[in-house]
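Engineer: Got a sequence here, can you model it:
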Amino acid sequence: AVGAGSPAARRRAVLGSLALLAACGGGSGPGGPNVILISIDSLRADHVGCYGYERDTTPHLDALAERGMVFEAAHATSSWTWPSTASILTGLPADAHGVTSNEACTLNLSLDSIAEVLQRSGYSSAAWSCNPLIVPERYFDQGFERFDHHPSEFRKSDEVMPAALRWLEAHAGARFFLYL
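Structural biologist: The predicted structure is shown next:
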């Protein structure tokens with residue numbers, strides 16, 4: 001039996017909560033809230049305005065935080081990109097999703113990603129990856145209808161935001177999940 005505190009139980013709780021959230025409706029789109037997940041590799045929370053930093057370093061994130069949900073006790077599951085991103089997308093710790101080394105850096109297709117769970121609940125989904133490690137060749141595109149990436153270089157947000165904003169405008173009347 002799987003205990004309530006086990007990784008599998010926590011994963012079911014996270015994915016179940018997302019599915020419930022999607023099913024309950026919330027005001028963003030028809031029948032449910034829209035979800036925008038912004039993942040910034042190596043960003044220090046103590047230098048972000050919505051977390052109390054006094055300098056105006058993150059005005060756009062701060063404005064979005066005023067309208068959205070801010071997680072005040074979020075912690076990385078790993079110190080590096082592949083396992084942390086796999087955990088964000090699956091709700092699993094590294095030892096459960098298996099992305100643990102350079103030799104094991106591909107997301108397992110048998111695992112459900114948040115994009116797949118939301119897609120089954122009627123969400124459209126898209127991702128813009130600015131990190132050359134987060135690419136379809138490593139199956140990080142699981143469940144996304146659109147996955148924009150560059151396989152060999154980091155991109156700045158101003159390189160991807162025009163296309164992401166066009167996608168948002170095109171999906172304004174629908175429930176959507178956007179990963180940036």
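
Engineer: following the helix or strand of the chain with the lowest mean pLDDT, which helix or strand comes up?
Structural biologist: Scoring the helices and strands of the chain by mean pLDDT, DSSP states H and E places helix 7-24 at the bottom, with a mean of 43. Scanning the chain past helix 7-24 towards its C-terminal end, the next helix or strand to appear is strand 35-37 (assignment: DSSP states H and E).

Engineer: Strand partners (parallel or antiparallel) of that following strand?
Structural biologist: If you go by DSSP bridges, strand 35-37 pairs up with strand 176-179 (parallel).

Engineer: What sits closest to Leu107 if chain neighbours are left out?
Structural biologist: In this structure, Leu107 finds its nearest non-sequential neighbour in Tyr139, 4.1 Å apart by C-beta to C-beta, 6 or more residues apart in numbering. Where you see a C-beta, it was placed from the backbone N, CA and C, and this is true even at glycine.

Engineer: and if you look at Leu109?
Structural biologist: The spatial neighbour of Leu109 that comes closest, neighbours along the chain excluded (C-beta to C-beta, 6+ apart), is Tyr139 at 5.8 Å.

Engineer: Cross-check the contact I'm expecting between the one you found and Leu111.
Structural biologist: No: shown here, Tyr139 and Leu111 do not form a contact pair, counting by C-beta atoms under 8 Å, at 9.1 Å.

Engineer: Which one's more surrounded, those two?
Structural biologist: Leu111 (19 against 16; other C-beta atoms under 10 Å).

Engineer: List the contacts of the residue nearest to that one when sequence neighbours are not counted.
Structural biologist: Excluding its sequence neighbours, the residue lying closest to Leu111 (C-beta to C-beta, 6+ apart) is Thr90, at 5.1 Å. Residues near Thr90 by C-beta atoms under 8 Å, 6 or more residues apart in numbering: 11, 97, 107, 111-114.

Engineer: Which of the residues you listed has the largest number of neighbours?
Structural biologist: The member of those that has the most neighbours, counting by other C-beta under 10 Å, is Ser113 with 25 neighbours.

Engineer: List phi and psi for that residue.
Structural biologist: phi -100, psi 160 (degrees, to the nearest 10).

Engineer: and if you look at the one 5 residues further on?
Structural biologist: Leu118 has phi and psi values of phi -70, psi -40 when expressed as degrees, to the nearest 10.

Engineer: Leaving out sequence neighbours, find the closest residue to it.
Structural biologist: Phe177 (4.6 Å).
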